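Asker: give the three-dimensional model of this entry:
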Amino acid sequence: MTSSRLPARLVSSLLLACAALAAQAQTSGTPADPPDTAVSGPWPALKEEVASLPDHVVYRPAKLDAVKPRQLGLYVFGNGACSDDGASSRMHLLEIASHGYVAVALGRIRS
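Answerer: Numbering: from 1, shown residues only. The predicted structure follows:
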């Protein structure tokens, strides 16, 4: 009787170990969030909350002195669905800003 229990316990232990390893492999393989700086325009862009414009997020070229005077366009963005998350479309707005625009979105940085 003990000889038949040993293989069953061994198989159970091996199955438990395999399940634990599989669960660990799944959690460690999740990709990280993409960085906010992946843009294709000529200017690196950033997002910021400006004290003089409360409840809005401003997207702009990171180095404003590198842009010629009167060269920046203005892009006013509505988040849609009455959302007040000014960063919900951050990749889109950073891309616009990298091409020489100042983009303004309603809301705060929530995501």
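
Asker: residue 58 and residue 94, how far apart?
Answerer: Separation of residue 58 from residue 94 (C-beta to C-beta, to the nearest Å) stands at 11 Å. For glycine as for every other residue, the C-beta is placed from the backbone atoms N, C-alpha and C.

Asker: hey, what's in contact with both of these two?
Answerer: Jointly contacting residue 58 and residue 94 under the rule C-beta atoms under 8 Å, 6 or more residues apart in numbering are residue 47.

Asker: between these two, which one's more packed in?
Answerer: residue 94 (23 against 18; other C-beta atoms under 10 Å).

Asker: can you confirm the more buried one is in a helix?
Answerer: Yes: assessed with DSSP: H, G, I helix; E, B strand; the rest coil, residue 94 lies in a helix.

Asker: that one against residue 59, yeah?
Answerer: Yes: if you go by C-beta atoms under 8 Å, residue 94 and residue 59 touch, sitting 5.7 Å apart.

Asker: which neighbours do those two share?
Answerer: With C-beta under 8 Å, 6+ apart, residue 94 and residue 59 have common neighbours 45-47.

Asker: who wins for most neighbours among those?
Answerer: residue 45 (25 neighbours).

Asker: tell me the pLDDT at it?
Answerer: Reported pLDDT at residue 45 in the predicted model: 92.

Asker: from residue 81, how far out is it?
Answerer: 24 Å.

Asker: for residue 74, same thing?
Answerer: Applying C-beta to C-beta, the value for residue 74 to residue 81 is 23 Å.

Asker: next step: the shared contacts of residue 94 and residue 59 restricted to strands.
Answerer: Within these, residues falling in strands by DSSP state E are 45-47.
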